[in-house]
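[1] Take this sequence and fold it.
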Amino acid sequence: MLSSLSHANIIPLHSTFQDKRKVYFVLEYAPNGNLKELINSQGKLSDELAIFYTAEIINALEYLSSKGIVHRDLKVYNFYLN
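    The predicted structure follows:
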C-alpha cells in the first residue's frame, strides 16, 4: 500500500525484503531524522515550528484518509523530516 502513495509529506517506499525473522523497508533517505530527535535536540519546538509540523502531519493524514487509509501508529518516532 505504501509504495502506491504519492504525497509530498509521505516518504516513498522503494522496496521491501525479509529474512527469517524481520521485514525490512527501503525508504527514501530522511537526512534530518525524526520529529522525536528534533524535539530532543531543541528541548521544545517554537510555536511556529509546532504549528508548521502539525499542519504537515494533518495534511498527510487527510491524504491518507482520502485514500481510505487509517494510520494506527501515530507517534513522534514515525514522523521523519526530509
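[2] Mind giving me the packing neighbours of the strand or helix carrying Thr16?
    Assigned by DSSP states H and E, Thr16 falls within strand 13-18. Here strand 13-18 touches strand 23-27, going by 3 or more Cβ pairs under 8 Å, 6 or more residues apart in numbering; DSSP states H and E. The way it works is simple: take the backbone N, C-alpha and C, and place the C-beta from them, glycine included.
[3] List the contacts of the strand it packs on.
    Leu2, Ile11, Pro12, Leu13, His14, Ser15, Thr16, Phe17, Gln18, Tyr80 (Cβ atoms under 8 Å, 6 or more residues apart in numbering).
[4] Ok, stretch 53-70 next?
    Met1, Leu5, His7, Asn9, Ile10, Leu35, Leu45, His71, Phe79.
[5] Tell me how far that stretch lies from the chain's centre.
    11 Å (Cα atoms, centre = their mean, to the nearest Å).
[6] And stretch 41-55, by the same measure?
    The answer for stretch 41-55 is 16 Å, by Cα atoms, centre = their mean.
[7] What is the linear distance spanned by that stretch between its boundary residues?
    21 Å (Cα to Cα, to the nearest Å).
[8] And for stretch 32-49?
    OK, stretch 32-49 end separation, Cα to Cα: 15 Å.
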